[in-house]
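**Q** Got a predicted structure plus its sequence, pasted below:
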Amino acid sequence: MTPAIFKAFLLVEGFPEPVLVERERNGFLDLHSHSFEVRALITRGQMEITIDGDSQSYGLGDTFHLTQNQVHSERYGSDGVRYLASRRQPPPN
């Protein structure tokens, strides 16, 4: 997927403008979660996300989705990773 198509998808789905995220090569984040929902597009490098023991690799042009409070870990490739991430906050109560 291209950044332009990704941004159009986000707009249709009600996600805000994405931000650029860069992570160091061979880095990782242990189990954690976010208080928001995430849709992201890999624009450089590679990363692996593990959810409930199931790992998935993502590279250039791939997208991933994490639901609010979804526990996961992340590992970044030998060249690190760069991705566009849109973070949708939950609606106020």
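**A** Happy to help now that I have it.
**Q** Now Val38: closest residue in space that isn't a chain neighbour?
**A** Among residues not flanking Val38 along the chain, Leu66 sits closest, at 4.4 Å (CB to CB, 6 or more residues apart in numbering). The C-beta positions use only the backbone N, C-alpha and C, and glycine is treated the same way.
**Q** and the one you found, how many residues sit next to it?
**A** Using other CB atoms under 10 Å, Leu66 has 20 neighbouring residues.
**Q** right, and it touches His72 too?
**A** Yes: at 6.3 Å, Leu66 and His72 qualify as touching, with contact defined as CB atoms under 8 Å.
**Q** Need the overlap of contacts for these two.
**A** Listed as contacting both Leu66 and His72 by CB atoms under 8 Å, 6 or more residues apart in numbering are Ile49.
**Q** In this protein, what residue spans correspond to strands?
**A** 19-23, 28-32, 37-51, 54-58, 63-66, 72-88 (DSSP state E).
**Q** Of the ones you listed, give the one that comes closest to Glu13.
**A** With CB to CB, the closest approach to Glu13 among the strands of the chain belongs to strand 37-51: 7.3 Å.
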